[in-house]
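**Student:** okay, structure incoming, though there's no sequence with it:
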């Protein structure tokens, strides 16, 4: 009996030791979005860009916690959610990188989900006017001027 327990314990140590000592799984990119030439994804709280054919990824944003990137149909812009001051709002940045521009200022989370076909307005979801636990869709101009319009009315 003692021999059986010893063999079982040794086998478990070998199996568990191999799992612990093995190489770690590389972190996965989140929320990828595609243009004709690039892939943008969230990783480590930032947005990264890489050519579709592969290569080294380039960091597009810094200084906050960015997520949910969405390429514009023309490939010139990336809309995303950013949390820079404790609030999640919609932002836009040129596809080549640069200074993000804040588009919404609401205490509820504003998360981009798409664009209008002409690349002039960003579609985002928010619970800002919900009377229950669900989000509505809104649009905001890419240039940041004008008001957010509800797409459910």
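**Tutor:** On my side now, so go ahead. Fair warning: this is a prediction, and the values are worked out from it, not measured in the lab.

**Student:** could you measure from residue 51 over to residue 80?
**Tutor:** Distance from residue 51 to residue 80, counting by CB to CB, to the nearest Å: 19 Å. Any C-beta I mention is one placed from the backbone N, CA and C, and that applies to glycine too.

**Student:** ditto for residue 143
**Tutor:** For residue 143, the distance to residue 80 - CB to CB - is 16 Å.

**Student:** quick one: least confident helix or strand in this structure?
**Tutor:** helix 2-21 (a mean of 42; mean pLDDT, DSSP states H and E).

**Student:** comparing residue 51 and residue 80, which residue is more hemmed in?
**Tutor:** residue 80 (27 against 12; other CB atoms under 10 Å).

**Student:** are we agreed that residue 93 is in a strand?
**Tutor:** Yes. Counting by DSSP: H, G, I helix; E, B strand; the rest coil, residue 93 is found in a strand.

**Student:** next, count neighbours for it.
**Tutor:** The burial count for residue 93: 21, using other CB under 10 Å.

**Student:** go on, residue 52?
**Tutor:** Residue 52 has 11 nearby residues by other CB under 10 Å.

**Student:** helix or strand: which one has residue 24?
**Tutor:** For residue 24, there is no enclosing helix or strand under DSSP states H and E.

**Student:** check the one 4 residues further on too.
**Tutor:** Secondary-structure assignment from DSSP H and E places residue 28 in no helical or strand segment.

**Student:** which residue ranges of the chain form strands?
**Tutor:** Counting by DSSP state E, one finds strands in the chain at the ranges 30-34, 38-43, 46-51, 58-59, 65-71, 77-83, 88-94, 101-102, 110-115, 121-126, 136-141, 149-150.

**Student:** right, and these - which one's nearest residue 24?
**Tutor:** Closest to residue 24 of the strands of the chain is strand 38-43 (CB to CB; 15.2 Å).

**Student:** so how far is residue 82 from residue 92?
**Tutor:** For residue 92, the distance to residue 82 - CB to CB - is 10 Å.
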